[in-house]
Structure formats: C-alpha cells, structure tokens
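>>> Generate coordinates for the sequence data below:
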Amino acid sequence: MEFFVKRVARNVFDVFFGKQWGQTVDHEHNTSWSRLKAGHSGVYVSKGQKLSYDTTKALAAAINPQEEKQLVVLN
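Next comes the predicted model:
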C-alpha cells in the first residue's frame, strides 16, 4: 500500500492512504489519513483513522524524519 507522508512538526507526521493524498485541506472530513506522533513509549496514532500495530510500526521504520514530504510504500 502507498502512503504519502507530510511532516507537521519535528515528531509529528500526517499519513495519507491510497490515491487520496490529502486532496482536501480539511483533514476532519477526509477519512483517509492518520496523524502519527512519536512519544516516549513509541509511535502512536494521535488523530484520524486508526492503524494496526504492524502498520504503525512499519511506517515508523520507513519514514525519514528529515524529509518534509515523502512517498512510503509498504508491501
């Protein structure tokens, strides 16, 4: 599956699923996104659609925190 990742802050990323990569500016009405946040106990979904533990862990490993925007593909 393809994910478009956009960095919001130093440890916060918005992740858009499939082909609807943030087509709406209003995240609240677009259900194809999640906000991943890194905390002391690991990475978790703080807003948006819930993700499985395995998907969250794989995204956390694949995201480059130095890039502003990126495309991540998970098999």
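>>> Report the beta-bridge partner residues of R35.
D14, K47 (DSSP bridges).
>>> Just list the residues touching it, thanks.
Shown here is R35, whose contacts under the criterion Cβ atoms under 8 Å, 6 or more residues apart in numbering are 8, 12-15, 45-48. C-beta coordinates here come from the backbone N, C-alpha and C atoms, glycine included.
>>> Repeat the analysis, applying 7 Å as the threshold.
12, 14, 45-48 (Cβ atoms under 7 Å, 6 or more residues apart in numbering).
>>> and it, how far is that from F13?
Noted for R35: a distance of 7 Å to F13, by Cβ to Cβ, to the nearest Å.
>>> cool, and K47?
From K47 to F13 the distance is 11 Å (Cβ to Cβ).
>>> So which of those two has more stuff around it?
Between K47 and F13, F13 has the larger neighbour count (other Cβ atoms under 10 Å), namely 24 against 13.
>>> quick one: the strands in the chain?
2-9, 12-17, 33-39, 42-48, 69-73 (DSSP state E).
>>> just these: most buried one?
By mean neighbour count, with neighbours taken as mean count of other Cβ atoms under 10 Å, strand 12-17 ranks first of the strands of the chain at a mean of 20.
>>> And the contacts of that one?
Residues from elsewhere that reach strand 12-17 (Cβ under 7 Å, 6+ apart): 1, 3-8, 22, 32-37, 59, 63.
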